[in-house]
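Student: one predicted model, sequence on top.
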Amino acid sequence: ICAAVGHGGIKEGQIIHRLYEEYQKEKNKKVTEEDILKKVQEEVPEKRIEKKSKTGIVVKGVEDVAVRFSKCCNPVPGDEIIGFITRGRGVSIHRTDCVNMIHLSEEERHRLIEAEWYVEDNKDFYYQTEIQVIGDDRLGLLIDISRVLTDEKIAVKSLNARTTKEGEAFFNITIEIHGKQQLEKLTTKMQSVPGVHEIIRPRS
C-alpha cells in the first residue's frame, strides 16, 4: 500500500475513506442471538467478561447485550436471579424461583446464563414488582393498605381488587422499590394491618 501511494497509484484520500468505511461497519455491528449463545458456550475459565448495564445487572460471559426484566416474576435486587437468552430481545432476567424457569424444557435450558445484581449501584434504580395482599373483605381495608404505602413512600403503578363470596379480598399491587430489603420492610408493616392475612409475590 505504501509503495502504491508513493508511486501515485492510490490516493491518500482513498485509503482514509476505505478505512473509515471499515470502521463504520465494525461500529454498527449488532450482537445477534447466535453471537450471545456462542460466547456463553465458549470455555473461558481464566478470563470472565462482566458487563454492567444501566439496569444494575451484571451478565457474565457476554458483552454489549440488552437486558430486560421479565414481567412474569418481577425480580428486584436481593432476589436470586438467572438470565435467559431470548430470541431477538437480548437477555431476560428472572427470579430463580420463577415458574417459567422451573418448567423450562430441556431444549431451552442451554439459553440460561449466569447473572447477578450490581449491588453497589442498586440504590440508584427503582424496580417494578408485584405483591398480592389477601385479607378480609371489610370496609376500609383498602384505605389502610394505601396508608401504609403512603407512609413508606412507595409509588403505586397499578392496583386491582376483587372479592369472593367467602368474604375474602385480593389486592394485586404493582409498586416501585429499590430492592428486596425495602420490600420486606413494607410487607412487615402491611401484615400489621387488621384483616390482612397474607402477602405473596406472584411467580408467574
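Tutor: Now that the structure is in, tell me what you want to look at.
Student: residues near Val65, how many?
Tutor: The burial metric for Val65, expressed as a neighbour count using other Cβ atoms under 10 Å, is 19. Backbone N, C-alpha and C define where each C-beta goes, glycine included.
Student: hang on, it in a strand?
Tutor: No. In this structure, Val65 is coil, not part of a strand, as judged by DSSP: H, G, I helix; E, B strand; the rest coil.
Student: how much space between it and Asn160?
Tutor: Distance, Val65 to Asn160, by Cβ to Cβ, to the nearest Å: 33 Å.
Student: and if you look at Phe84?
Tutor: Distance of Phe84 to Asn160, computed by Cβ to Cβ: 27 Å.
Student: more crowded one of these two?
Tutor: Neighbour count, other Cβ under 10 Å: between Phe84 and Asn160, Phe84 has more, with 20 against 11.
Student: so where's this structure uncertain?
Tutor: Flagging of the chain using pLDDT under 70 yields the residue ranges 1-54, 61-64, 119-122.
Student: which stretches of it form strands?
Tutor: For the chain, the strands identified by DSSP state E occupy 50-52, 57-60, 67-69, 81-85, 91-95, 112-113, 115-117, 127-136, 155-163, 168-177, 196-200, in order along the chain.
Student: residue contacts, Ala155?
Tutor: Listed by Cβ atoms under 8 Å, 6 or more residues apart in numbering, the contact set of Ala155 reads 126, 175-176.
Student: tell me how this structure divides into domains.
Tutor: In the assignment given by automatic domain parsing, the structural domains of the chain cover 33-123, 126-200.
Student: distance between the ends of the last one?
Tutor: One end of domain 126-200 to the other measures 20 Å (Cα to Cα, to the nearest Å).
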